[in-house]
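S.K.: Any chance you can model this:
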Amino acid sequence: MTVAKLTNTYVKNLKPNKKRYSVRDTEIKGLLIRVEPSGRKFFYLDYYTPEGTRTSKKIGDANVLTPALAREMATLLLSKIIRKIPLEPEKKTKELTVGEVFEKYKIFVQANHKSFNNTLIFISLFSCLFQKKCSELTIFDLEKWRDKKRKSKKAATINRYVSAFRAMLRWAKERDIIFACPAIEKKMKALPETDSRETVRYLSPDERKRLFEELKKREKRQGKDYLLPAVTLSLNTGIRRGALLSLRWEDINFEREIITLRAKNAKNQKMDYIPMNIIVKNVLQKWKEVQKNPNDNDLIFPHPGTGKKMHDCRTAWEKVLKNAKIENFRWHDMRHDFASQLVMKDVNILTVQKLMTHSNLEMTLRYAHLAPKKQKEAVQKIEDLCPIYPIYMEDKK
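M.R.: The predicted structure is shown next:
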């Protein structure tokens, strides 16, 4: 066993090994620090009882106690041992099951996560593991669960589920709710997502025509109808449905022709500014007139019945699609349509990324294949740099 003077710097620099190890203090006999494979460190007092039995007493967590304070506590314990005063028995901490951690995590997620419903649904899919103690849960358990799901779910979906589940366990460990969990102590390789490439769905010119014809018919029947302006905004800005339905009139700047996406309503939790084209500007101005000059803090697209925020407009949307004879086109596909039309109009991919408010370019590159003409033009720019040898010219002839 290593012997050293325990100082703040020395304790901080102690690194975990595959096996637990201890370092004895040179200042106080019996005082030692124990380093767990997980990286946690605890001060202990190693001593002999009056009966001659060797044992140890935990003093406390090295993240809380300094070596100096641990020495003071060790000195007090030694004085009790010398005077044969019984030491208080250690209170055993109950090992939590995965299910018990989930109950604690629920409270945290509901208070701090915007999309907590999805998170809780994902984790609840692991209910077959809820009876296991966290200290007994292994990566192999997660791999077995994952293998069963592969029969019915795509790899990207399964990876998302596993990521949410392991995030919960890391949350518990970081807050000392659990002290060990093999399932998160090593990196778990994600499934390759070759089966999960999303098909980019966008409207054909004929579908677009039929869609707007049906929307105009609906507006004529309904009179004051939100769906036509909402769809027009979606197709011309690419704004996500949740952010769209959260927009208020104070977010619209007609003079600068900009729409502000508030951080609290954005998926990436960042404020963004979306430019308006003339179609969006005209539609919003007309819609504001229909609403008879609402207040700045009023929702642009309130629920027609309650006036409160809508969470979706699925029923109305699906009915319009059915009447327009458009299949396999979700509301979110209007966002794909927006990006696809930009790329096919030769808009720079970095500009598309900015307009889509994508956090990284990889998300935008899914649309790059829609501009093969641009790619061909690019390689043709260097064709004169390479000489054509006679043999190839003869073949060409």
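
S.K.: all contacts plus neighbour counts: C-alpha atoms, from now on.
M.R.: Noted.

S.K.: centroid residue for the protein?
M.R.: For the chain, A164 is the residue whose C-alpha lies nearest the centre (CA atoms, centre = their mean; 8.0 Å).

S.K.: any idea how far K186 is from it?
M.R.: Counting by CA to CA, to the nearest Å, the gap from A164 to K186 is 16 Å.

S.K.: same thing with K345?
M.R.: Using CA to CA, one obtains 46 Å as the distance from K345 to K186.

S.K.: then the strand or helix carrying Y161 to PDB, C-alphas only?
M.R.: Here Y161, judged by DSSP states H and E, is contained in helix 155-174. C-alpha atoms of helix 155-174 as PDB (Å, rounded to 0.1, in the frame of the first residue of the first chain):
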ATOM      1  CA  ALA A 155     -31.300   1.700 -35.400                       C
ATOM      2  CA  ALA A 156     -31.500   5.500 -35.100                       C
ATOM      3  CA  THR A 157     -34.600   5.200 -33.000                       C
ATOM      4  CA  ILE A 158     -33.100   2.500 -30.700                       C
ATOM      5  CA  ASN A 159     -29.900   4.600 -30.300                       C
ATOM      6  CA  ARG A 160     -32.100   7.500 -29.200                       C
ATOM      7  CA  TYR A 161     -33.900   5.300 -26.600                       C
ATOM      8  CA  VAL A 162     -30.600   4.000 -25.200                       C
ATOM      9  CA  SER A 163     -29.100   7.500 -25.100                       C
ATOM     10  CA  ALA A 164     -32.100   8.800 -23.000                       C
ATOM     11  CA  PHE A 165     -31.900   5.800 -20.600                       C
ATOM     12  CA  ARG A 166     -28.100   6.200 -20.000                       C
ATOM     13  CA  ALA A 167     -28.500   9.900 -19.600                       C
ATOM     14  CA  MET A 168     -30.800   9.200 -16.600                       C
ATOM     15  CA  LEU A 169     -28.300   6.900 -15.000                       C
ATOM     16  CA  ARG A 170     -25.500   9.400 -15.500                       C
ATOM     17  CA  TRP A 171     -27.700  12.100 -13.900                       C
ATOM     18  CA  ALA A 172     -28.200   9.900 -10.900                       C
ATOM     19  CA  LYS A 173     -24.500   9.100 -10.500                       C
ATOM     20  CA  GLU A 174     -23.400  12.800 -10.900                       C
END
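
S.K.: Show me what counts as buried in the helix or strand just after that helix.
M.R.: With elements assigned by DSSP H and E, the helix or strand that comes after helix 155-174 is helix 182-185. Within helix 182-185, the residues that count as buried by 16 or more other CA atoms under 10 Å are 183-184.
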